[in-house]
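Peer 1: Requesting a structural model of the entry that follows:
(chains A and B)
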Protein chains: 2
Amino acid sequence: MSKSNPAPEVPRPALEGRRLRRLGIDTGDERVAYLRSDSPICRGEGFNARSRVELRMGERRLTAMLDVVHGELLAADEAGLSESAWAALQPEPDQRVTFAHAPSVDSLALVRRKIYGHALDAAQFAAVVDDIAARRYSGEELAAFIAACSDGRLSDEEVAALTGAMVDGGQRLHWDRPPVVDKHCIGGLPGNRTTPIVVAIVTALGLVMPKTSSRAITSPAGTADTMEMLAPVALDLAQMRRAVERTGGCIVWGGSINLSPADDVLIRIERALDIDSEGQLVASVLSKKIAAGSTHVLIDIPVGPSAKVRDARQAASLSRLMQRTAAGFGMQLQTLVTDGSQPVGRGIGPALEAHDVLAVLRRQADAPADLRARALALAAALLRLGGLAEGEDAAQALARRTLESGKAWTQFQAICEAQGGLREPGQAAHRYPIAAAASGRVACIDNRQLSRVAKLAGAPLAPLAGLTLEARLGDAVAAGQPLFTVHAQSRGELAYALEYVSRHPRIVEVAP
Amino acid sequence: MSKSNPAPEVPRPALEGRRLRRLGIDTGDERVAYLRSDSPICRGEGFNARSRVELRMGERRLTAMLDVVHGELLAADEAGLSESAWAALQPEPDQRVTFAHAPSVDSLALVRRKIYGHALDAAQFAAVVDDIAARRYSGEELAAFIAACSDGRLSDEEVAALTGAMVDGGQRLHWDRPPVVDKHCIGGLPGNRTTPIVVAIVTALGLVMPKTSSRAITSPAGTADTMEMLAPVALDLAQMRRAVERTGGCIVWGGSINLSPADDVLIRIERALDIDSEGQLVASVLSKKIAAGSTHVLIDIPVGPSAKVRDARQAASLSRLMQRTAAGFGMQLQTLVTDGSQPVGRGIGPALEAHDVLAVLRRQADAPADLRARALALAAALLRLGGLAEGEDAAQALARRTLESGKAWTQFQAICEAQGGLREPGQAAHRYPIAAAASGRVACIDNRQLSRVAKLAGAPLAPLAGLTLEARLGDAVAAGQPLFTVHAQSRGELAYALEYVSRHPRIVEVAP
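Peer 2: Numbers count the residues shown, from 1 in each chain, chains lettered A, B, ... in the order given. Next up is the predicted model:
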């Protein structure tokens, strides 16, 4: 075949780079670029609003969504970047960027295969996961992939292949002191901050537990937010490694460690869609644990009507799939079904939960008994799993002794020092108790509405904000006795939270 | 049960409305609002980037996505709106808007049911479709619904239920002169603008054909874009009705008629995902035809390697499902499988395709024979379907006579006058022929790359831009003879298109 179309001799259009402008627009996880509609690049390339574009700066490439600007928000030779795009590209002052159509993403054909009901193999999942981790998928494309992989649509082999692909896409840690233990809690119970206590107990006894945790996405606090009230958590891999080598443990934010980066992308969409399919949940949790180098993992499954897992049958099915998948990666995994009917501890919000953690570790008389009991049960299970105790009674006794002797508290201080220094969380300036209107017994606590109050009060961005629960299910309360107290850093935020409380009279319900 | 939480006596925060500012940011179909991160409303309501918010202006409500602004792009008491949000809300100067969390969308539980593999009934599809049409779903939620309804996941009953729900969600037209005929082409062949010719022929003979068409989304021209070069097409319902009552036909833009509005929302996501599942395609096409009051519908299915339908088996399956579904709504439907191997006519781009249409209607000697033949075949099929001719030969002869006698041209001019006046499309100032490098025969034409050249040259926004094909499959060409000519309204756009041509030597491939 001959070459049919000779290169026409016309001047090539000037494709010189755009000056970049940080517009200060926070578009969440989505990376957005802005170009003028009347710029030669926009017209010439045929870019439309919501085109996927590729930004090129030297050797660097970034895929972004395009918003097209009419008028004077940008100069004709400027390109704007959203906060997320700016953070991803990190341009130097005066660096220029050229724009092109984003290259087509071949693995989307595999997503369509999955949508049309075909199984994918390990290499195909790897191709999809690589493109997801590199942020080449739009939110719509991610959502379609998630829907296509929902319950019953992934075989056991596919769950294992997806898990493996997610591990291979990121950092992978190796520790030379097995067993390396870890724990994970499925689905949020407000206030359930056992992790810092568990890490302190089991590492005080010699197990290795390099724990990475997440920040809140939709809740008033994540474990990383709570821990940050007690010590720095945004450690890089080298800093994390030093802390673990010195003390056997850490509690750091997973965001700067880059384990299973595709999971970080997928999980935001899954939460937004409120889709928790078993196969994806297993791949998400286990890929992080495998990548972290864990050999023995304990999974806490709270079961309750407003928890993520609603009944024992669902817990058993999830448990089986987790165990089968973990076994394929040579990891020992145990699950523990716990009570998920009400919040754990007293505080909800980063600092208020940190106070609960400190109270348990410092053996204060007013430490929340339920948080202490849950932490001891989890620590005991990990001690057995890690081979430090045989039988439930012995493990429980060992865990309790380690806490009561102050050994866990000493160890926790050492971990905080290794992470950059122990801090004492403060108190919010504005507090307002919500009292029972009449005497009776606490019949019902709405976890969802409680979380909403804590968030309206400012948590987690205002780290001292949130609420403290003053009565628990079944408690007898007298009229006028506080049910919970709202904490806020500003008067305005207090008012917002209280306005919500006034419109929702059954957040904590008292039956006569 | 007693009311537990008395309304606390604290001042309610000032929730006065925001001043609105049109930021000039085109975010495509997505409606976006912008608030300052340090505004009391943002902090107080706990809004984050990408929160779904509800804008309230008097009685009006609009769901939008929130982008959070840091810094000086907005004043503290201002809220910004994207172009699409501004168009949807149409605020008066100085009107103020309050913000709230978008109410939760109950039908998303049904989408999750569908994702988990359960069937939905008619009432459940109606709930989903209502919320889609009201723009209460995010792009991710739409994508998840589309993936959950993909091939094999909708029963025949569900396709019918979805179709009915889409009809019920919008305007529905009634005509007192049956039969009311319509045609639809599945999947775009560049240049395939038979519609204006077909409407002119069959309405000249007394059939009623109130045709609504779409504008280009990803192609160089939609039928509405082409027709707009010949007459106004943005008619409202009353204007459309007047045109049809006067002449029996029209060719208008469907965007201002509001037939099956959920389809307009879904189709953009389906195209972006490149998912064409049979069930959704059928619901999409038939819901528009049923809502338009059509009683007899002809479906043109071009089949070819770069067409939407690739082979005869796929065409037959689609054809069966269309017929079954249409029958349930009392509509007569016939399908016609046609050649989809190369573009139709000579021009690609709004004005260039309009010239082809005029040439056929005016019986010019240089009128494209393939466009004329396709239009006659479709018109003949509609004449038989509408009961005006019996047998293929008689129908073909009647259609040809109507065209050749000038009756169709007279009728077309009457339709254009009824829509607001016939226009003559112009010519682009810049034209550049692409010549064959060597002699031979045209062996292959890449439809996708041809469309790309036309779009780079400016189509459809620059309506005179595009290209004209000067050789067809199998034609013998001499070295230096033009294969196609690029048309552009500006020198810059011509250069962009030619630059692309120089990098893609096989757009029209000549074999020795």
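Peer 1: any idea how far residue A:323 is from chain B?
Peer 2: 23 Å (Cβ to the nearest Cβ, to the nearest Å). Just so you know, the C-beta spots here come from the backbone N, C-alpha and C atoms, and that holds for glycine as well.
Peer 1: Kindly confirm whether my reading is correct that that residue touches residue A:329.
Peer 2: No - using Cβ atoms under 8 Å, residue A:323 is not in contact with residue A:329, being 11.4 Å away.
Peer 1: need the residues of the stretch 301-450 of chain A near chain B, please.
Peer 2: The stretch 301-450 of chain A comes close to chain B at residues A:432, A:434-438, A:440, A:443, as judged by Cβ under 8 Å from any Cβ of the partner chain.
Peer 1: helix, strand or coil for the closest residue to residue A:134 other than its chain neighbours?
Peer 2: The shortest distance from residue A:134 to any non-neighbouring residue, by Cβ to Cβ, 6 or more residues apart in numbering or on different chains, is to residue A:63 (7.6 Å). Classification of residue A:63 by DSSP: H, G, I helix; E, B strand; the rest coil places it in strand.
Peer 1: beta partners for residue A:63?
Peer 2: residue A:54 (DSSP bridges).
Peer 1: Next one: whichever residue of the stretch 301-450 of chain A sits closest to chain B, what pLDDT does it get?
Peer 2: Closest approach of the stretch 301-450 of chain A to chain B (Cβ to the nearest Cβ) occurs at residue A:438, with a separation of 4.4 Å. What the model reports for residue A:438 is a pLDDT of 93.
Peer 1: can I assume it is in contact with residue A:479?
Peer 2: Yes - when contacts are counted by Cβ under 8 Å, residue A:438 is listed as touching residue A:479 (5.0 Å).
Peer 1: who has more neighbours, the two?
Peer 2: More crowded of residue A:438 and residue A:479, by other Cβ atoms under 10 Å in any protein chain shown: residue A:438, with 15 against 12.
Peer 1: where's that one relative to residue B:314, distance?
Peer 2: 69 Å (Cβ to Cβ, to the nearest Å).
Peer 1: one step back: distance of the residue nearest to residue A:134 from chain B?
Peer 2: 15 Å.
Peer 1: That residue contacts residue A:104, correct?
Peer 2: No - proximity of residue A:63 to residue A:104 does not meet the contact threshold set by Cβ under 8 Å, at 11.3 Å.
Peer 1: OK, contacts around residue A:31?
Peer 2: By Cβ atoms under 8 Å, 6 or more residues apart in numbering or on different chains, the contact list for residue A:31 reads A:62-65, A:82, A:84-85, A:88, A:135.
Peer 1: which phi and psi does it have?
Peer 2: In this entry, residue A:31 is assigned phi and psi values of phi -90, psi 120 (degrees, to the nearest 10).
Peer 1: The one 3 residues further on now?
Peer 2: Here is the backbone geometry of residue A:34 (degrees, to the nearest 10): phi -130, psi 130.
Peer 1: show me the contacts for it.
Peer 2: For residue A:34, the contact set (Cβ under 8 Å, 6+ apart) comprises A:23, A:66-69, A:73-74, A:79-82, B:25.
Peer 1: try 6 Å this time
Peer 2: Going by Cβ atoms under 6 Å, 6 or more residues apart in numbering or on different chains, residue A:34 touches A:67, A:69, A:80.
Peer 1: What of residue A:96?
Peer 2: By Cβ under 6 Å, 6+ apart, residue A:96 lies in contact with residue A:17.
Peer 1: Please pull out the lowest mean pLDDT helix or strand from chain A.
Peer 2: Each helix and strand of chain A was given a mean pLDDT (mean pLDDT, DSSP states H and E); the minimum falls on helix A:40-45 at a mean of 73.
Peer 1: and that helix, how far from the chain's centre?
Peer 2: Mean C-alpha position of helix A:40-45 versus that of the full chain (Cα atoms, centre = their mean, to the nearest Å) differs by 39 Å.
Peer 1: tell me the SS of residue A:302?
Peer 2: strand.
Peer 1: Does it touch residue A:340 like I think?
Peer 2: Yes - using Cβ atoms under 6 Å, residue A:302 makes contact with residue A:340 at a distance of 3.0 Å.
Peer 1: Which one's more surrounded, those two?
Peer 2: residue A:340 (26 against 22).
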